[in-house]
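*Asks:* Need coordinates for the following:
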Amino acid sequence: MPITAESLLRRIQASRTHLESDYYEGMDPRYAHQFPFFNFMTIESMLLDPRVVFGLWLIKGPIQTYTKFFSQEDADNPAINESIVSQNLVFSYKVTCENSEVEEYILKQLRRFWETGLSKALSALEWGYSGSQVMYKQDSKGQIHFDNLFKYKPTKIRPVSRQGGITGLFLRDRNQYIPIPKAFWHVHGREHNHFTGRSRLKGPHVPWHELWSIGGARDIRRLWYYKNSYDSGTLRYPEGSQTDEVGNIRLNSEVAAEIITNKLTGGFLVLTNKKDSGGKDYAWSYEPPSANITPQGLMEYPKDLKTEILEGMGIPPEVIESQGSSGFGSATGRKVPYMAFIASLTPLVTNVIGDFDTQILSNLVQLAFRRTVDYTIEPIVPVANVGDELTEFDNADPGNTQMAS
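*Replies:* Numbers count the residues shown, from 1 in each chain. Alright, predicted model coming up:
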């Protein structure tokens, strides 16, 4: 019986059983005061912090940039291997299939997904999961191709599962079920929860809260500069009152307060030359303002919390911070933290490729070629020419994950 889009959808829709509810993690009451409440509203607030957004793109950027897909023929080409090494394409994958037409079709789908859909799928980093509707397009030959993702707001969707596997997503506000392969569900931190994962922002939440909360580091810094960074000078006045030019009697204290309030930077004062009762000092005298010394640690406190935010997201500070003026982050020669960070991104790359393969790509291949086709998507271990010898570029190996349909 030929495989059609309608038969695939009927098969998937028939497998729907139940909705997966949001998970809840308890808190040890002995330490609960150190861990503020974390929910979707917190995530939305954290995404307003440029430091958090910067950290997310430090993770997503290398995944987007250093991942490339090659055919089996290209993967065996020494020139391509040298290019992978020279360009530091640490997440390089090859598609292997006995049918070259199928191989080329798979490469097109993977490259299109990486170009248009990856950034939306990787929103799972901040939310724990991402759910999207898959957009397809048809070419002149009648073949269906992946086109794009239409991402839904995480608070509006829930995963639908059967026997421990994702079968689609449910739109809460529309009361609508969208099955795979029309739906795409990607999870970050699936070792914590297979369906809803865990947000990458939960790690940096504690230092972020300490930085931004009421009475936190930013409030402390702002309050000190507002209240204590400098005084406005001192104006001494004699007791009593005086009569102005129109005959109004005004207390000297009121006149002094008005003078000191209206004095701006670069302003001037005009005071009487009259002496006090002793005849030694002026009756009116002014002492200019003086700057207060910034308390030790005031500026370092917010900086330390910003460093902790990156660490909580799994980003070593050495990746972006430089010592002195010798360079920027890992450019100063500290490659070990940088390579450790890049290596930590391997599961993210593997998982997003795996989800795309099982939920979209395998179904597309069946639909396009009307049969099940065996293929693999596996990492390339580049081999570079060194003299007359061939040496493996082990640093670029992102793992040994293999996916098959």
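
*Asks:* and residue 215, how many neighbours?
*Replies:* Counted with other C-beta atoms under 10 Å, residues neighbouring residue 215 total 9. Placement of C-beta: from N, CA and C, glycine included.

*Asks:* whoops, residue 356 was the one
*Replies:* Around residue 356 there are 24 other residues, counting by other C-beta under 10 Å.

*Asks:* And the next helix or strand past the longest strand belonging to the chain?
*Replies:* Using DSSP state E, we find that the single longest strand of the chain is strand 129-138. Sequence order places strand 144-151 as the next helix or strand after strand 129-138, per DSSP states H and E.

*Asks:* Which neighbouring elements make contact with that following strand?
*Replies:* Packing partners of strand 144-151 (3 or more C-beta pairs under 8 Å, 6 or more residues apart in numbering; DSSP states H and E): helix 100-112, helix 118-121, strand 129-138, helix 362-369.

*Asks:* buried sites along the first one?
*Replies:* Neighbour counts using 16 or more other C-beta atoms under 10 Å place 102-103, 105-110 of helix 100-112 among the buried residues.

*Asks:* and it, C-alpha only, in PDB?
*Replies:* Taking Å, rounded to 0.1, in the frame of the first residue of the first chain, the C-alpha atoms of helix 100-112 are listed here in PDB:
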ATOM      1  CA  SER A 100      22.500   9.300  -3.900                       C
ATOM      2  CA  GLU A 101      19.100  11.000  -4.700                       C
ATOM      3  CA  VAL A 102      17.800  10.300  -1.200                       C
ATOM      4  CA  GLU A 103      21.200  11.500   0.200                       C
ATOM      5  CA  GLU A 104      20.900  14.800  -1.600                       C
ATOM      6  CA  TYR A 105      17.200  15.200  -0.500                       C
ATOM      7  CA  ILE A 106      18.100  14.600   3.100                       C
ATOM      8  CA  LEU A 107      21.000  17.200   2.900                       C
ATOM      9  CA  LYS A 108      18.600  19.800   1.600                       C
ATOM     10  CA  GLN A 109      16.100  19.300   4.400                       C
ATOM     11  CA  LEU A 110      18.900  19.400   7.100                       C
ATOM     12  CA  ARG A 111      20.400  22.600   5.600                       C
ATOM     13  CA  ARG A 112      17.000  24.300   5.300                       C
END
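
*Asks:* circling back: kindly reformat the buried residues of helix 100-112 as CSV containing pLDDT.
*Replies:* Putting the buried residues of helix 100-112 into CSV (pLDDT from 0 to 100) gives the following:
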residue, pLDDT
102, 94
103, 94
105, 95
106, 96
107, 96
108, 96
109, 96
110, 97
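
*Asks:* need these in JSON lines with distance to residue 222, can you?
*Replies:* As requested, the buried residues of helix 100-112 are exported to JSON lines (distance: C-beta to C-beta, whole Å):
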{"residue": "102", "distance to residue 222": "61"}
{"residue": "103", "distance to residue 222": "59"}
{"residue": "105", "distance to residue 222": "57"}
{"residue": "106", "distance to residue 222": "55"}
{"residue": "107", "distance to residue 222": "53"}
{"residue": "108", "distance to residue 222": "53"}
{"residue": "109", "distance to residue 222": "51"}
{"residue": "110", "distance to residue 222": "48"}
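
*Asks:* circling back to that earlier point, okay, angle between the longest strand of the chain and helix 362-369 too, please.
*Replies:* In terms of direction (axes from the mean of the first three to the mean of the last three C-alpha atoms, to 10 degrees), strand 129-138 departs from helix 362-369 by 10 degrees.

*Asks:* Use 47 as the first number from now on
*Replies:* Okay, residue one is now 47; in that scheme the one you just asked about reads as strand 175-184.

*Asks:* May I see the buried residues of strand 175-184?
*Replies:* Those would be 175-178, 180, for strand 175-184 by 16+ other C-beta under 10 Å.

*Asks:* so can I have a markdown table of those showing pLDDT and distance to residue 247?
*Replies:* A markdown table is the format used below for the buried residues of strand 175-184 (pLDDT from 0 to 100; distance: C-beta to C-beta, whole Å):
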| residue | pLDDT | distance to residue 247 |
| --- | --- | --- |
| 175 | 96 | 13 |
| 176 | 96 | 14 |
| 177 | 96 | 18 |
| 178 | 96 | 20 |
| 180 | 96 | 26 |
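
*Asks:* ok, back up a step: using JSON lines, lay out the helices and strands packed on strand 190-197 together with distance to residue 337.
*Replies:* JSON lines is the format used below for these (distance: least, C-beta to C-beta, whole Å):
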{"stretch": "helix 146-158", "distance to residue 337": "59"}
{"stretch": "helix 164-167", "distance to residue 337": "47"}
{"stretch": "strand 175-184", "distance to residue 337": "50"}
{"stretch": "helix 408-415", "distance to residue 337": "67"}
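
*Asks:* quick one: low-confidence ranges for the chain?
*Replies:* 47-72, 275-277, 311-312, 368-380, 429-451 (pLDDT under 70).

*Asks:* can you list the domains in it?
*Replies:* Listed domain ranges for the chain are 51-69+80-249+359-450, 277-333 (source: automatic domain parsing).

*Asks:* Determine which stretch of those is the most buried.
*Replies:* Of all the domains of the chain, domain 51-69+80-249+359-450 has the most neighbours on average by mean count of other C-beta atoms under 10 Å, namely a mean of 17.

*Asks:* Contacts only, for residue 351.
*Replies:* 253-254, 256-257, 263 (C-beta atoms under 8 Å, 6 or more residues apart in numbering).
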